[in-house]
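> kindly generate the corresponding structure for this input.
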Amino acid sequence: MQPMTAVCLTLALITLVPVSAYKKGPPVDEHPDICGSMSPKEGHIVDPEKRPLPFALTIVSTPSECYAHNKPVTVKLATTNNRTYFEGFLVQARLADSLKNNQPLQFAGLVLEGTFDTNADPQLQTLSCGNSTNNALGHREAKHYFMKTFRWTPSRTSVAPIQFVATVVHEKDEYWTGVTSPVLERCVSSASSIYVFTTTLVMVVCATSGLMI
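Below is the predicted model of the structure:
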């Protein structure tokens with residue numbers, strides 16, 4: 001092999017590395033800061049789109065209108081116009097209150113300890129951010145998708161209202177950040193409701209009778 005040919009081949013391989021890494025999904029192992037900013041790294045050299053979102057992140061199945069420990073929540077990411085496909089995405093569950101302030105994502109909310117699963121979809125993969133396992137989810141290969149569904153199971157420590165938030169890539173130079181779902185509240189158990197009701201009733205009775213508790 002001639003020296004010039006070797007140099008050209010080496011440059012070609014270096015050029016292909018970012019694209020190859022992108023096709024394998026969000027590179028959170030190589031770039032852990034992606035877990036905070038949710039901003040693409042590999043091969044993306046432009047700022048996120050400011051145009052209206054052509055995608056929607058929705059909650060399609062819960063045990064009720066809230067979430068509870070160990071009860072999976074099904075989430076759907078889909079195009080809204082049946083024309084704009086997406087090639088990749090990264091999704092997490094964050095605290096809803098902090099997302100209201102339009103802060104940069106690295107400062108908005110926490111990556112919750114709940115776990116995602118792929119819903120047996122071989123084109124998806126779970127990802128691990130920080131010290132938790134499977135608390136994010138993304139694509140496994142870059143293809144043209146119009147809809148993907150997956151599941152999230154909250155941890156026992158998850159108590160606050162949450163939102164799912166995603167970065168969605170249409171093509172390498174066209175992507176959206178801050179794609180959010182509706183807010184999902186934590187369920188109040190019947191035992192907790194009974195306790196609150198009973199405590200309130202006792203306080204009212206005691207106050208009426210002049211007793212101290």
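
> now the end-to-end length of stretch 52-72.
This stretch, stretch 52-72, spans 30 Å end to end (Cα to Cα, to the nearest Å).

> over to stretch 153-170?
27 Å.

> buried residues, it. List them.
Under the neighbour-count criterion of 16 or more other Cβ atoms under 10 Å, stretch 153-170 has 153-154, 158, 162-170 buried. For every residue, glycine as well, the C-beta is placed using N, CA and C.

> and the lengthiest strand in the chain, what other elements does it pack with?
Of all segments of type strand in the chain, defined using DSSP state E, the longest is strand 162-171. Counting contacts by 3 or more Cβ pairs under 8 Å, 6 or more residues apart in numbering; DSSP states H and E, strand 162-171 packs against strand 55-61, strand 73-79, strand 88-95, helix 96-99, strand 174-180.

> weakest of these by average pLDDT?
Among those, helix 96-99 has the lowest mean pLDDT, at a mean of 74.

> residue 155 contacts residue 115, doesn't it?
Yes - the criterion here is Cβ atoms under 8 Å, and residue 155 meets it with residue 115 at 7.4 Å.

> what's around the closest residue to residue 136 other than its chain neighbours, how many residues?
Leaving aside its sequence neighbours, residue 136 sits nearest to residue 127 (Cβ to Cβ, 6 or more residues apart in numbering; 4.1 Å). Close neighbours of residue 127, defined as other Cβ atoms under 10 Å, add up to 21.

> correct me if wrong, but residue 51 is in a strand.
No - Residue 51 is assigned coil when assessed by DSSP: H, G, I helix; E, B strand; the rest coil, not a strand.

> tell me how far it lies from residue 114.
Residue 51 sits 31 Å away from residue 114, going by Cβ to Cβ, to the nearest Å.

> the two: which is more packed in?
Shown here are residue 51 and residue 114; by other Cβ under 10 Å, residue 114 has more neighbours (22 against 8).

> tell me which helix or strand comes right after the helix or strand of the chain with the lowest mean pLDDT.
Lowest on mean pLDDT, DSSP states H and E among the helices and strands of the chain sits helix 3-23, with a mean of 39. Helices and strands here follow DSSP states H and E; after helix 3-23, the next one along the chain is helix 34-37.

> avg pLDDT for that next one?
86.

> in it, which residues are buried?
By 16+ other Cβ under 10 Å, the buried positions in helix 34-37 come out as 34-36.

> equivalent analysis for stretch 126-138, please.
Buried-residue list, stretch 126-138, by 16+ other Cβ under 10 Å: 126-129, 134-138.

> just the ones of these in strands?
Using DSSP E, the members of the buried residues of stretch 126-138 that fall in strands are 126-127, 136-138.

> so which of those is the closest to residue 23?
Of all those, residue 23 sits closest to residue 138, with 11.8 Å by Cβ to Cβ.

> do I have it right that the closest one meets residue 125?
Yes - counting by Cβ under 8 Å, residue 138 touches residue 125, with 6.2 Å between them.

> no further questions, thank you.
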